[in-house]
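Q: give me the fold of what follows.
(4 chains)
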Protein chains: 4
Amino acid sequence: MIKFAQFGAGFIGKVHGANIAKHPQSELTYIYDIYPTAAEQLAVQFGAKVASSPEEIWASDVDAVLIASSTNTHADLLSAAIQAGKPVYCEKPIDLDIHRVKAVVQQAQQTKLPILVGFSRRFDSNHLRIHQAFQNGEIGRLEMMHITARDPKPPTLGYIKTSGGQFRDQTIHFFDMLRWLAGEDPVEVYATGAALVDPAIDEAGDVDTSMLIWKFPSGALCHINCSRRADYGYDERVELFGSKGMAVSRRKPRREVSLYKGESVISDGMYPGWFERMEPTFYHALDSFIKAVQGEAGVYPNLRDGLMAQMIAEAAVESLHTNQPVKIIYWSPE
Amino acid sequence: MIKFAQFGAGFIGKVHGANIAKHPQSELTYIYDIYPTAAEQLAVQFGAKVASSPEEIWASDVDAVLIASSTNTHADLLSAAIQAGKPVYCEKPIDLDIHRVKAVVQQAQQTKLPILVGFSRRFDSNHLRIHQAFQNGEIGRLEMMHITARDPKPPTLGYIKTSGGQFRDQTIHFFDMLRWLAGEDPVEVYATGAALVDPAIDEAGDVDTSMLIWKFPSGALCHINCSRRADYGYDERVELFGSKGMAVSRRKPRREVSLYKGESVISDGMYPGWFERMEPTFYHALDSFIKAVQGEAGVYPNLRDGLMAQMIAEAAVESLHTNQPVKIIYWSPE
Amino acid sequence: MIKFAQFGAGFIGKVHGANIAKHPQSELTYIYDIYPTAAEQLAVQFGAKVASSPEEIWASDVDAVLIASSTNTHADLLSAAIQAGKPVYCEKPIDLDIHRVKAVVQQAQQTKLPILVGFSRRFDSNHLRIHQAFQNGEIGRLEMMHITARDPKPPTLGYIKTSGGQFRDQTIHFFDMLRWLAGEDPVEVYATGAALVDPAIDEAGDVDTSMLIWKFPSGALCHINCSRRADYGYDERVELFGSKGMAVSRRKPRREVSLYKGESVISDGMYPGWFERMEPTFYHALDSFIKAVQGEAGVYPNLRDGLMAQMIAEAAVESLHTNQPVKIIYWSPE
Amino acid sequence: MIKFAQFGAGFIGKVHGANIAKHPQSELTYIYDIYPTAAEQLAVQFGAKVASSPEEIWASDVDAVLIASSTNTHADLLSAAIQAGKPVYCEKPIDLDIHRVKAVVQQAQQTKLPILVGFSRRFDSNHLRIHQAFQNGEIGRLEMMHITARDPKPPTLGYIKTSGGQFRDQTIHFFDMLRWLAGEDPVEVYATGAALVDPAIDEAGDVDTSMLIWKFPSGALCHINCSRRADYGYDERVELFGSKGMAVSRRKPRREVSLYKGESVISDGMYPGWFERMEPTFYHALDSFIKAVQGEAGVYPNLRDGLMAQMIAEAAVESLHTNQPVKIIYWSPE
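A: Model prediction:
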């Protein structure tokens, strides 16, 4: 039984807490939140204790830590967890400041602790299957990848202003995905975008509609398109086009229901949001992390993957601002 | 070049005439219709002569005859064509009176003339593919068959009264199809139905909505459902369920277009009628007939197939009227 | 918080136990099983007590009872629960002996206790949507219904022999569904079937492949086809054809993944079994039951629904054995 | 009856000749080809005369001219046709040399002759429907467009060397399509590509796999991806993403057939080539042209559209070679 301490009892914290409680090999021992009421509520629901401070957690006998607190706390908590020798499941991103990210990665160099960064889409059963199809050689060499990622509606302007922008906040999931699916790291990016959904997003210095093209060392090309608002719900799909075929992770409909009337077939459409669509991935990610804590070999997005996605995001942001293709320079810890 | 004489210049006559003209190995030489104006119009369009009488055709050097005149003329024209030694493409049904059908089949016993009865659905590329899948063993032994056949709207009441009823008129295509697909002849049928679309159809002694279950010697079962009115257009599909899998001839949409809006995906639906959906089958049936006239071995619905479908229809009608399962007794020419 | 006592700790008992534990308004207080080890295991997992006897449960302060023990215990437990004044969630069927079923229904006449009979498919989100579409008038008057129900592989011969046969065991879910969807009770049935999957099933006096046609008072017709073995996994789908359109609860694929290769598009197929497909329905059924226990008005399959489905099954069995359409006679408690 | 003279009796010439013969308002009067045997063959099939020289055609009383000869003859024939006052249906492209294209457009300024340039995809019923959906306001303002265009296999290296390259030869259809669908002309393009299918294509200075991003004055973005080889057949599809929804012109399958076996659903895939998929568009384009010749107002791709597509192609080629976004400068005739 893996004993967990969790930081953060907000929306995503509730999801993680419930999964820890549900998983047969884990239990929630401590919960910490800067809002004690929120922590208390989760503690009651899952039979955990409220930690009075992070220090209480580092000093405790918990086997693992789950960081689901606000982004600006991730780096410090990661750092402390590494020092305390606790395996960590950390929500993405590591930090909006790439230098802090690098510092944590540098620190983690010396340890073999399992650290999972929450790119949970890697655990979606549809995406996993096309990953496997490519790895198995079912589509030959990769030549083109297409990722579509559209949210139903933009977050609040307040959120957008502190989010780091569309690429660092929304698209970053797919910056991780393209590396994972291609099995290689992109070398160049061209990015463009505009605020077509809301002019206030433009005034905030951000875009809400964007397209990017990536080049891989193999010559393969990758297109990503991203929107903050899709009238028809959450739309995420991926296509891997190879020399011997194509593997497609299709849209997932909300229900499998159709109405035939007049000249039309009216089918149930998309999920209302990314969470409803992606909810099961959080449990699968947790399961993968628990296996790693138990010593099983396994593959999951680790701290370096978190760094890579953010370096890719930086290049994309630079391209967006300069309207020039940008070569991606990867930093590695010594 | 196969020279054709054609009887009938109505709706379906125009279709056949155009196909004869279009086919690189055939030409329309004569056209006969009891309405000379209709015949004249077709003759001009396809460079044919108007025959002043059927006799002119029997005495001519045409290589083949296409019968697309009204149903009550089919049997006599078939009989005359056989006597004249002309291969025949005859529209279905042979005759509404099963005794006349048997007489023609009896007469044709002595000849080896190619005679194709117009069950053109056998030439639909979707249906052909599932026929082949079963023949190839791709689905193992047949266990269940499902045929759905729904017209957008009922014909006129006048037509219904002289049509022989839903089974002899509409469903008969699928009585041929079930034999063709199963590769065996059904031994028993249970049929039921009602006039749900229009009470006047009930008053005319007919049904417009029906369901049938067939038993085959192998033990396989077949369900057919048939409606005279589908709000959403023409709906025809077939499913072959076997011991090793299932082959499905799906609905064919009018266009491959979808609109994603709100909670729905609105796609283009069905064809407006059976003809728009099945139009290409007439050319393929003609092509098969021309090959037979040219001496190529080939498989097509022949005179005996026409008789079989009608005997099956008679059993279905009896079951409908008695609400009892009916064993099908097949008559064979001596 | 609704305190539950549960009978049965086998496969389906584990499912119910987990749902009771997961539901925010319920908790598992007692578990009873004739195999104390099984009961003990569930008790530990969900923090419940093992009851030493059913009597301990009837005497306890639990708010509700869930019966998931073997079929032959259902009627007695239901009867005792009614006497003890405990609301009951009872797995289907009530009993294989229709007389015992009637006796329980008669007994329950005097009480207003919520009693839910586990026809959980009523809670499937796809089926619910077409139910709603018809209720809302979106497809007009019902004219035809089609239900397809195919299991991946037959249960053991031992199970089949004591199951009451395909209709009482497998098809019964759909006998409930046709009433629920149509909003009326069928008046006549014609059923036929054969043992095409395994001759030993025939020797055991049962069929594994069957087709049925139902007539409703409104004139609507319903087709059900049922197989004990589908090579391609679990296949359940429903079609409601009405005067103004058609509502379809489609097959649910295991994943939304396609591989385009050569001349084919290879997509992920069906779920491996009914449970993987229908798992979420158990939670939704429980939720509906809990609401009823809490006094909310709501619609769920009740004891009379359980009886109706079994009377329909009896008529279907009679038709199967006599090869005659059978009028369904409904018994009602006084 | 519109009398046509046609230049070119090769593959696409045969298609046009057959359509002229089939159309009820047109007939093929003259056919000219530098290979008299090819001309003779078409002449016999469709009852036309072989013209001994282009001059014979210009001097004749034909009502319209169809140019389906090799690309390098288009400009001169167009010029002569304009001088002779004959309406022209001209296959794309006008000429590989943009200066010759401009000269022809300049010359045509003075005339009101109907001149259709063969961007026949505008007449595809699927594409037409999404065009209409956007025009009707069904998807609101356009924000993103996606065009996928993949041929089953590359043409011969010899063809590629004289084709002007992937953008001027294959992608040009979609350079026309993006303007037509967006209803505005792009202002900037970024293009990248590689020869991933065949290194010999790289040696010939061309690419076979490419991705492009376009910016429109409205801010809308457009992605095109293009491959010379798709293992699974011809793949063309278009997506219009707007502020109020999305319209999709989906892939068109070869047949609507599926095989359910084991864990998979195997459906019939794509058409083997662009021609099989797009064949009906040639007839519809001809029909549109005939209407224009007959004086009906109508919209079709005209000479200026041909020029626009080629200017867009030039910008794309420049971007491909410089790896820089390129502003598109449009030349207009005085």
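Q: give the contact list for the residue of chain A positioned farthest from its centre.
A: Relative to the C-alpha centroid of chain A, counting by CA atoms, centre = their mean, residue A:262 is the outermost residue, at 42.4 Å. By CB atoms under 8 Å, 6 or more residues apart in numbering or on different chains, the residues touching residue A:262 are B:231-232, B:269, C:245. For every residue, glycine as well, the C-beta is placed using N, CA and C.
Q: from residue B:278, how far out is it?
A: Here residue A:262 is placed at a distance of 21 Å from residue B:278 (CB to CB, to the nearest Å).
Q: now stretch A:68-85: how far from the chain's centre is it?
A: On the basis of CA atoms, centre = their mean, to the nearest Å, stretch A:68-85 sits 17 Å off its chain's mean C-alpha point.
Q: and what of stretch A:304-324?
A: 15 Å.
Q: check stretch A:316-327 too.
A: With CA atoms, centre = their mean, you get 22 Å for stretch A:316-327.
Q: next one, pLDDT for residue A:298 please.
A: On the pLDDT scale, residue A:298 is placed at 81.
Q: let me redo that: residue A:96
A: On the pLDDT scale, residue A:96 gets 90.
Q: and residue A:253, by the same measure?
A: For residue A:253, the model assigns a pLDDT of 96.
Q: list the contacts of it.
A: Counting by CB under 8 Å, 6+ apart, the residues that residue A:253 touches are A:267-270, B:265, C:256.
Q: tabulate the residues you listed in JSON lines, adding columns for secondary structure and pLDDT.
A: Output for these, formatted as JSON lines (DSSP: H, G, I helix; E, B strand; the rest coil; pLDDT from 0 to 100):
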{"residue": "A:267", "secondary structure": "strand", "pLDDT": "97"}
{"residue": "A:268", "secondary structure": "strand", "pLDDT": "97"}
{"residue": "A:269", "secondary structure": "coil", "pLDDT": "97"}
{"residue": "A:270", "secondary structure": "coil", "pLDDT": "97"}
{"residue": "B:265", "secondary structure": "strand", "pLDDT": "98"}
{"residue": "C:256", "secondary structure": "coil", "pLDDT": "97"}
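Q: return the member of those residues nearest to residue B:118.
A: The nearest member of the contacts of residue A:253 to residue B:118, counting by CB to CB, is residue A:267 at 36.0 Å.
Q: is the closest one bridged to anything, and to what?
A: Per DSSP bridges, the residues bridged to residue A:267 are residue A:258, residue B:265.
Q: closest to residue A:140 out of the contacts of residue A:253?
A: With CB to CB as the yardstick, the closest approach to residue A:140 among those comes from residue C:256, at 22.4 Å.
Q: and the stretch 101-250 of chain A, which of its residues are near chain D?
A: With CB under 8 Å from any CB of the partner chain as the criterion, the stretch 101-250 of chain A meets chain D at residues A:140-141, A:143-144, A:146, A:150, A:190, A:192-194, A:196-197, A:209-211, A:213, A:215, A:219-221, A:223, A:225, A:227, A:229-232, A:241-246.
Q: could you pull out the helices in the stretch 101-250 of chain A for me?
A: A:125-135, A:157-162, A:166, A:172-182, A:199-203 (DSSP state H, counting those that start in this stretch).
Q: what's the helix or strand just after the second one in contact with?
A: In this case it means helix A:157-162. Toward the C-terminus, helix A:157-162 is succeeded by helix A:166 as the next helix or strand (DSSP states H and E). Here helix A:166 makes contact (CB under 8 Å, 6+ apart) with A:193, A:206-208, A:210, A:226, A:228.
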